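# Here is the input, now give the coordinates:
(chains A, B, C and D)
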2 protein chains.
Amino acid sequence: MDKLNLMTSFIAVAEEGSFTAAANRLGKTKALISTHISQLEDLLKVRLLIRSTRSMQITSEGQSYYEQAKKILDDIVTLEAQLLHESQSLVGRLRISAPTTFGELVLMPCIAELTSANPELEIELLLNDRFVDLISEGFDVALRVGNLADSSLIARPAGFTKMILCASPEFIEHYGEPESIHQLADLPCVFDTNHRQAGSWSFTQDKQIVEVKPYITVRVNSALASANMARTGRVIAYCPEFSVHAMLEKGELISLLPHENKSQIPVNVIYPHRQHLSSRVTTFTQHFIDYWHRITG
Amino acid sequence: MDKLNLMTSFIAVAEEGSFTAAANRLGKTKALISTHISQLEDLLKVRLLIRSTRSMQITSEGQSYYEQAKKILDDIVTLEAQLLHESQSLVGRLRISAPTTFGELVLMPCIAELTSANPELEIELLLNDRFVDLISEGFDVALRVGNLADSSLIARPAGFTKMILCASPEFIEHYGEPESIHQLADLPCVFDTNHRQAGSWSFTQDKQIVEVKPYITVRVNSALASANMARTGRVIAYCPEFSVHAMLEKGELISLLPHENKSQIPVNVIYPHRQHLSSRVTTFTQHFIDYWHRITG
DNA sequence: CTCATTGTTTAGTATTATTTAACAATAAGA
DNA sequence: TCTTATTGTTAAATAATACTAAACAATGAG
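Residues are numbered from 1 along each chain as shown, chains lettered A, B, ... in the order given. Prediction:
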């Protein structure tokens, strides 16, 4: 028994003053309205309407019920409209999880654009390279660089980032520029432990994936830290393009063997569910993907 | 789709923190809870809960919906309890319709007892000898003296009143006491036009109904008026016992042929419906019936 | 790694909602 | 006064849905 249906029927009858008119208003039959009123009266154990075949009169209890029932139905409509508006407007908080370096270098300018366009959007960005459980930590959305583990989470591909093998001019002056990736086994390297394969770097040559074990002198769980290490001139680094972009532009680092390595790693936007995404999430996602395509060409 | 059911399930989940616990609380299966939540989210087009098989988290929209939905369910419970209380207490108005003389002489003392015992009961008594439509004029209850016309109304028999043929001592002194009802055709009479049969009186002799056409000198639509007419000594009257009771006691009127006439007419309590009577109506009805039995013996 | 427990899905069943049609009651019109 | 049209009610039939049971995939605890 759908109580809200019964209430709706009763309100229509009270306002129209007749079962038939109420049935027309609601697009139902008068028979249904009749059973609805009977059910409601049985449920409430109170007579709401006094009716003969021709005339009808609302009881004092019916009048009191009408007023309050109408308010309750209004409250439900208001609640639902407000909730929909809340989820479809760009007001409120958006919790984002992202890898540290990626967040620092890529995401901050992207988010700056978004918030200046939507001042009421509150963004909370948590940068972390450890594994993050989106659901239990209450994130709305996350960015992941690299291949994804199997998961129940939903991924939306945003594009790719090139992997750059690089060193400083001082390093090249001292060791000379390597002519093949296999020389990395003999040259001092810094290793970003955020990479999946422990102790090895993978390159793509002529669409073939080649694994090389570099000579590792330093390990660190940060792409930016390893780029900065390379800038000292002591080591070669293998970093995502975004983390060394500025240093390459300034000439502080130089890309090595750019024609021999076409490695790319995927960038994904992740959310914990697929349905009824708030527009905060969809707006952020779309804006990030646009931004990423803009800066990676 | 019973929206209140969906809301109830969601509230249980939000409070218990798990679908299974919510299902146990409501005595339903977890499968049902799962579909309820999905339906509610589809209905609202908003994600309320973020859930994996093991952990669950309420969204900010879900939290807001929970608080307001809970209030709405509370409002419904409160409304229903209040309505039931309202109809079961003796507070409020009771509109009664009754014949004029009956109301003036019988009902007023009866109602006086009732209101002094229930000070919060407001009684509105409308006395009227014309036909009254209980429903369209909004009466809760009516009293009818005499046989009832066929009707959709509900009648509860309260007892009977004797019909008394009577005249004043002066009348008897002048005309002598009649020895048979058939003499009424020759003696001057006052006729109460509230009687059903126009121009004739019916008597009950040895369980046989006898119709007599009296010699009518005055017609009036009031039993009390016809009794007062008889008290002048000019005419014989035929009245319900309650309307001449006081005059008989004082000796102002004398009952004629009491052993030859056993006519009684029924007294009924009438209401426009049978179900969900307010306790105002049932209390009044019971009190009147008790009172009537007390005064008629 | 196993096991128990979670939420989801599907198919089947039970229940309810709704309509259709026949009905009794009654106000309006002839 | 009689007929007609319209009212609310009822019963039976059907459409819709609520609910369950069972099998499932995912995952945290031991």
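# Beta-bridge partners for the closest residue to residue A:126 other than its chain neighbours, please?
Nearest non-adjacent residue to residue A:126, counting by C-beta to C-beta, 6 or more residues apart in numbering or on different chains: residue A:97, 5.4 Å away. In this view, the C-beta of every residue, glycine as well, is placed from N, C-alpha and C. Beta bridges link residue A:97 to residue A:126, residue A:142 when assigned by DSSP bridges.
# pLDDT wise, what is residue A:97 at?
Looking at residue A:97, its pLDDT stands at 91.
# again with residue A:104
So residue A:104 comes in at 91 (pLDDT).
# Equivalent analysis for residue A:121, please.
88.
# Can you give me the neighbour number for it?
Counted with other C-beta atoms under 10 Å in any protein chain shown, the neighbours of residue A:121 add up to 18.
# so who does it touch?
Contact partners of residue A:121, counting by C-beta atoms under 8 Å, 6 or more residues apart in numbering or on different chains, are A:90, A:91, A:92, A:94, A:114, A:115, A:280.
# Apply 10 Å and report the result again.
Contacts for residue A:121 (C-beta atoms under 10 Å, 6 or more residues apart in numbering or on different chains) come out as A:89, A:90, A:91, A:92, A:93, A:94, A:111, A:114, A:115, A:280, A:283, A:284.
# Backbone dihedrals for the first one, both of them.
In this entry, residue A:89 is assigned phi and psi values of phi -90, psi 170 (degrees, to the nearest 10).
# Looking at it now. What's its pLDDT?
On the pLDDT scale, residue A:89 gets 83.
# Isn't it up against residue B:61?
No - between residue A:89 and residue B:61 there is no contact under C-beta atoms under 10 Å: 11.2 Å.
# And the residue of the stretch 151-297 of chain A closest to DNA strand C?
Nearest residue of the stretch 151-297 of chain A to DNA strand C: residue A:273, at 8.9 Å (C-beta to the nearest atom of the strand).
# sec struct for that residue, please.
coil (DSSP: H, G, I helix; E, B strand; the rest coil).
# Give me the distance between it and residue A:153.
8 Å (C-beta to C-beta, to the nearest Å).
# which neighbours do these two share?
Residues touching both residue A:273 and residue A:153 (C-beta under 10 Å, 6+ apart): A:134, A:135, B:52.
# Residue A:98 against residue A:124, yeah?
No - look at residue A:98 against residue A:124 with C-beta under 10 Å: they stay out of range, at 11.4 Å.
# Can you tell me the number of residues neighbouring the closest residue to chain B within the stretch 151-297 of chain A?
Closest approach between the stretch 151-297 of chain A and chain B, counting by C-beta to the nearest C-beta: residue A:276, at 4.1 Å. When neighbours are counted by other C-beta under 10 Å, residue A:276 registers 16.
# and if you look at residue A:16?
16.
# What values do phi and psi take at it?
When quoted as degrees, to the nearest 10, the phi and psi of residue A:16 stand at phi -80, psi -20.
# contacting residues around the residue most central in space within chain A?
The centre of chain A sits closest to residue A:141, judged by C-alpha atoms, centre = their mean, with a distance of 2.9 Å. The neighbours of residue A:141, taking C-beta under 10 Å, 6+ apart as the test, are A:94-98, A:134, A:156, A:269-272, A:277-278, A:280-282, A:284-285, A:288.
# Among the residues you listed, name the ones in helices.
Secondary structure from DSSP state H places A:280, A:281, A:282, A:284, A:285, A:288 of those in helices.
# Let's see the ChimeraX selection covering just the buried ones among those residues.
Buried residues among the ones in helices among the contacts of residue A:141 (16 or more other C-beta atoms under 10 Å in any protein chain shown), as a ChimeraX selection:
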select /A:280,281,284,285,288
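# Pick the one among the ones in helices among the contacts of residue A:141 closest to residue A:26.
Within the ones in helices among the contacts of residue A:141, proximity to residue A:26 (C-beta to C-beta) peaks at residue A:282, which comes in at 35.9 Å.
# In this structure the closest one contacts residue A:271, no?
Yes - the pair residue A:282 / residue A:271 is scored as a contact, 9.4 Å apart, by C-beta under 10 Å.
# interface residues of the stretch 1-150 of chain A facing DNA strand C?
Within the stretch 1-150 of chain A, the positions lying close to DNA strand C (C-beta under 7 Å from any atom of the strand) are A:1-2, A:5, A:27-29, A:31-32, A:35-36, A:39, A:52-55.
# Can you check the residues you listed and name whichever has the most neighbours?
residue A:36 (25 neighbours).
# Just give the number of residues close to the residue nearest to that one when sequence neighbours are not counted.
Spatially, and ignoring its direct neighbours in sequence, residue A:36 is nearest to residue A:9 (3.8 Å; C-beta to C-beta, 6+ apart). Other residues lying near residue A:9 total 24 when counted by other C-beta under 10 Å.
# Just the angle for the longest helix seen in chain A relative to helix B:60-88, thanks.
Using DSSP H, we find that the single longest helix of chain A is helix A:60-88. Going by axes from the mean of the first three to the mean of the last three C-alpha atoms, to 10 degrees, helix A:60-88 is angled at 180 degrees with respect to helix B:60-88.
# and helix A:60-88 with DNA strand D, contact?
No - Helix A:60-88 stays clear of DNA strand D (C-beta under 7 Å from any atom of the strand), getting no nearer than 12.9 Å.
# If you count neighbours, what's buried in that helix?
Counting neighbours by 16+ other C-beta under 10 Å, one finds that the buried residues in helix A:60-88 are A:60-62, A:64-66, A:68-70, A:76, A:79-80, A:83, A:86-87.
# Same check on stretch A:198-211?
The neighbour-count check on stretch A:198-211 (16+ other C-beta under 10 Å) flags A:201, A:202, A:203 as buried.
# With stretch A:102-117 instead?
By 16+ other C-beta under 10 Å, the buried positions in stretch A:102-117 come out as A:102, A:103, A:104, A:105, A:106, A:107, A:110, A:111, A:114.
# ok now do the last one, which residues does it touch?
The neighbours of residue A:114, taking C-beta under 10 Å, 6+ apart as the test, are A:90, A:94, A:107, A:121, A:123, A:283, A:284, A:287, A:288, A:291.
# Please identify which helix or strand holds it.
In the assignment (DSSP states H and E), residue A:114 maps to helix A:108-117.
# Distance from the chain centre to that helix, please.
Taking the mean of its C-alpha atoms, helix A:108-117 sits 16 Å from the chain's own mean (C-alpha atoms, centre = their mean, to the nearest Å).
# same question, stretch A:38-50
Relative to its parent chain, stretch A:38-50 has a centroid offset of 50 Å by C-alpha atoms, centre = their mean.
# That stretch and DNA strand D, are they touching?
Yes - in terms of C-beta under 7 Å from any atom of the strand, part of stretch A:38-50 sits within range of DNA strand D, namely residue A:38.
# Quick one: end-to-end length of that stretch, please.
End-to-end span of stretch A:38-50 (C-alpha to C-alpha, to the nearest Å): 11 Å.
# buried stuff in it?
Those would be A:39, A:40, A:41, A:44, A:46, A:47, A:48, A:49, A:50, for stretch A:38-50 by 16+ other C-beta under 10 Å.
# pLDDT added to those, as TSV?
Listed next are these as TSV, based on pLDDT from 0 to 100:
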residue	pLDDT
A:39	92
A:40	93
A:41	92
A:44	91
A:46	89
A:47	89
A:48	90
A:49	89
A:50	84
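# Show me the beta-bridge partners of residue A:56.
According to DSSP bridges, the residues that bridge with residue A:56 are residue A:51.
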